[in-house]
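Asks: My questions concern the predicted model and sequence given below.
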Amino acid sequence: MNTVRRGATALAAATVLLCTGAAGVAGAATAAPSPTPSPAAVPDGLYGTKDPTYDGVWRQSLAFLAQRATGFQPSDEAVQWLLGQQCADGSFSSFRADAAAPCDAKTMRDSNATALAVQGLRAVRKQSASPETVDKAVKAGSDWLRTVQNKDGGWGYSPGGPSDANSTSVVVGALAATGVRPGSFTSAEGRTPYDALLTFALPCSDKEGPGAFAYQPDKAGKLLANADATAAATLAGLGKSVVATKASPEQPPVCNDLSKPTVERAALNGASYLAKTLGKTGHLNLPPMPGAADTAEQPDVGNTADAVVALAASGASQEAKPALEWLEKNSAAWAKEGGPAAYAQLILAARAMETDPREFGSADLVEQLNATGPAPKTPDTSASSTSDDEGGFDIWWIIGIGTVVGVGIGFLVSGRRK
């Protein structure tokens, strides 16, 4: 897959699943040696124990979102670590080993990391030691995202790169989290993120991926169905992201082409594609590894979790239920290898389906996530713990999203690959 999401988590998933097979049973793996940079040391305050070079900010932010979704507040040390990763212009990189050194022209800014950091910080702001500092960081990150919006209304992974469905979708999540209607966030040419998303939508008549989204057009300009992009764009098309909850009323997803397509209709078409794809085996599959002798399909646990959230958010929780049950039975080895981002994805999938993440199969996902980093603050069980002021999702994720017209559903941020 050519997406630029879920870096280290995706690599860990591929390693585990290629060794364990479709059942996801733990096993030993031996990968062919390849030249790689020396791993960066894991600093204090960061979740996980593995090299954070490609996903430090991402996994920290995703952990924050999952912890707040379960009533926990990250420690001040963890919040300060994420704040310290921000460049003076408001952007974030995947990871900066020397956060004391100022960002310069050689610093690789990352729209995905920036957008998810904005969401993660917004979620923890009220109960942090310095809400004003967090607010400034959130605003600076949002302002930077506006400066790197492409002419077509979307975003690429790196500033100036061509727009892709995944990057555009995670930015939509950041906009909604900060109370900005994504449809009002226009480029200099007047294009919105939704205009960009529609350019990646496949029609229902497409034989290979009816209703799906592509990550980007290929070199020939053809759109190819991509489950990862579809899960992300389905949520974004509805003004939502990975913290979305179950929509009501329940509505089986159907793919319908319109003479004048809307992003809401494209999102529901995406849900239809995901439901049909999951219906075959109960899970999504990893793409074949280049040059691999074994061409057998391997389960893609992370994208299956993302698809569950997307289906639940679109009103298709019944179609998502078999996939959630598959995750409960088959995700343990993957989550252990993937670490905080993996645990967070599973927590958010369980939450979207109103399933207790503390009793996820035989696992307590909340305890496992919390154990990967500094001990979080005691959870707030008061009635106000889910209010907007407290940074809870049940309220603040609603603001600024807008209304889906004529699709019969209610409204209420994965990963990354390299």
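Replies: Everything's here; your move.
Asks: And the closest residue to S61 other than its chain neighbours, how close does it get to P203?
Replies: Using Cβ to Cβ, 6 or more residues apart in numbering and skipping the chain neighbours, the partner closest in space to S61 is G120 (3.3 Å). (Each C-beta comes from the backbone N, C-alpha and C, glycine too.) Distance, G120 to P203, using Cβ to Cβ, to the nearest Å: 35 Å.
Asks: Just want to know which of those two has more residues nearby.
Replies: Legend: neighbour count by other Cβ atoms under 10 Å for G120 and P203, higher for G120 (30 against 16).
Asks: what about that one, is that helix, strand or coil?
Replies: With DSSP: H, G, I helix; E, B strand; the rest coil as the basis, the three-state label of G120 is helix.
Asks: quick one, what contacts it?
Replies: Q60, S61, L62, A63, F64, L65, L82 (Cβ atoms under 8 Å, 6 or more residues apart in numbering).
Asks: What is the nearest of those residues to E367?
Replies: Set against E367, the nearest of the contacts of G120 by Cβ to Cβ is A63 (13.3 Å).
Asks: The closest one: helix or strand, and which one exactly?
Replies: Applying DSSP states H and E as the criterion places A63 in helix 56-69.
Asks: Summarise which helices and strands that helix is packed against.
Replies: The helices and strands touching helix 56-69, judged by 3 or more Cβ pairs under 8 Å, 6 or more residues apart in numbering; DSSP states H and E, are helix 7-20, helix 76-84, helix 111-124, helix 340-352, helix 365-370, helix 393-396.
Asks: looking at the ones you listed, which is closest to L284?
Replies: Nearest of those (Cβ to Cβ): helix 7-20, 11.3 Å.
Asks: hmm, back to that, okay, the helices and strands packed on helix 56-69 in CSV with mean pLDDT next?
Replies: Formatted as CSV, those follow (pLDDT from 0 to 100):
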stretch, mean pLDDT
helix 7-20, 42
helix 76-84, 98
helix 111-124, 97
helix 340-352, 98
helix 365-370, 98
helix 393-396, 31
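Asks: Redo these as JSON lines? Include distance to L238.
Replies: Below are the helices and strands packed on helix 56-69 laid out as JSON lines (distance: least, Cβ to Cβ, whole Å):
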{"stretch": "helix 7-20", "distance to L238": "24"}
{"stretch": "helix 76-84", "distance to L238": "27"}
{"stretch": "helix 111-124", "distance to L238": "16"}
{"stretch": "helix 340-352", "distance to L238": "13"}
{"stretch": "helix 365-370", "distance to L238": "25"}
{"stretch": "helix 393-396", "distance to L238": "15"}
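Asks: So which of these is nearest G48?
Replies: Once those are compared by Cβ to Cβ, helix 340-352 is nearest, at 4.8 Å.
Asks: what's the closest non-adjacent residue to D135?
Replies: R125 (6.1 Å).
Asks: ok, now which ones touch that neighbour?
Replies: R125 neighbours (Cβ under 8 Å, 6+ apart): P131, V134, D135, V138, G391.
Asks: Ok, D110 next?
Replies: D110 neighbours (Cβ under 8 Å, 6+ apart): V57, S91, F92, S93, S94, Y157, S158.
Asks: returning to that earlier point: quick check: mean pLDDT across the helix holding A63?
Replies: The average pLDDT within helix 56-69 is 98.
Asks: what angle sits between it and helix 340-352?
Replies: 30 degrees (axes from the mean of the first three to the mean of the last three Cα atoms, to 10 degrees).
Asks: would you list every one of the helices in the stretch 51-200 of the chain?
Replies: For the stretch 51-200 of the chain, the helices defined by DSSP state H, counting those that start in this stretch cover 56-69, 76-84, 111-124, 131-147, 165-177, 193-198.
Asks: circling back: and the helix holding A63, how far out from the chain middle?
Replies: 10 Å (Cα atoms, centre = their mean, to the nearest Å).
Asks: got it, and stretch 121-135?
Replies: For stretch 121-135, the distance to the chain centre is 21 Å (Cα atoms, centre = their mean).
Asks: Endpoints of it, how far apart?
Replies: 8 Å (Cα to Cα, to the nearest Å).
Asks: before we move on, back to that, got JSON lines for the contacts of R125, with distance to T355 and pLDDT too?
Replies: Formatted as JSON lines, those follow (distance: Cβ to Cβ, whole Å; pLDDT from 0 to 100):
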{"residue": "P131", "distance to T355": "32", "pLDDT": "94"}
{"residue": "V134", "distance to T355": "30", "pLDDT": "97"}
{"residue": "D135", "distance to T355": "33", "pLDDT": "97"}
{"residue": "V138", "distance to T355": "30", "pLDDT": "97"}
{"residue": "G391", "distance to T355": "22", "pLDDT": "33"}
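Asks: Out of the helices of the stretch 51-200 of the chain, flag the one nearest G302.
Replies: helix 56-69 (10.9 Å).
Asks: quick check: angle from that closest one to helix 165-177?
Replies: Using the same axes, to 10 degrees: helix 56-69 against helix 165-177 is 50 degrees.
Asks: Can you check what angle separates helix 56-69 from helix 111-124?
Replies: 30 degrees.
Asks: got the CA positions of helix 56-69 in PDB?
Replies: Output of helix 56-69 as PDB, limited to C-alpha atoms (Å, rounded to 0.1, in the frame of the first residue of the first chain):
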ATOM      1  CA  GLY A  56       6.400   9.300  17.800                       C
ATOM      2  CA  VAL A  57       4.000  12.200  17.600                       C
ATOM      3  CA  TRP A  58       1.400  10.000  15.900                       C
ATOM      4  CA  ARG A  59       1.300   7.300  18.600                       C
ATOM      5  CA  GLN A  60       1.400   9.900  21.400                       C
ATOM      6  CA  SER A  61      -1.600  11.800  20.000                       C
ATOM      7  CA  LEU A  62      -3.600   8.700  19.300                       C
ATOM      8  CA  ALA A  63      -2.900   7.400  22.800                       C
ATOM      9  CA  PHE A  64      -4.300  10.800  24.200                       C
ATOM     10  CA  LEU A  65      -7.500  10.400  22.100                       C
ATOM     11  CA  ALA A  66      -8.100   6.900  23.400                       C
ATOM     12  CA  GLN A  67      -7.300   7.800  27.000                       C
ATOM     13  CA  ARG A  68      -9.700  10.700  27.000                       C
ATOM     14  CA  ALA A  69     -12.300   8.500  25.400                       C
END
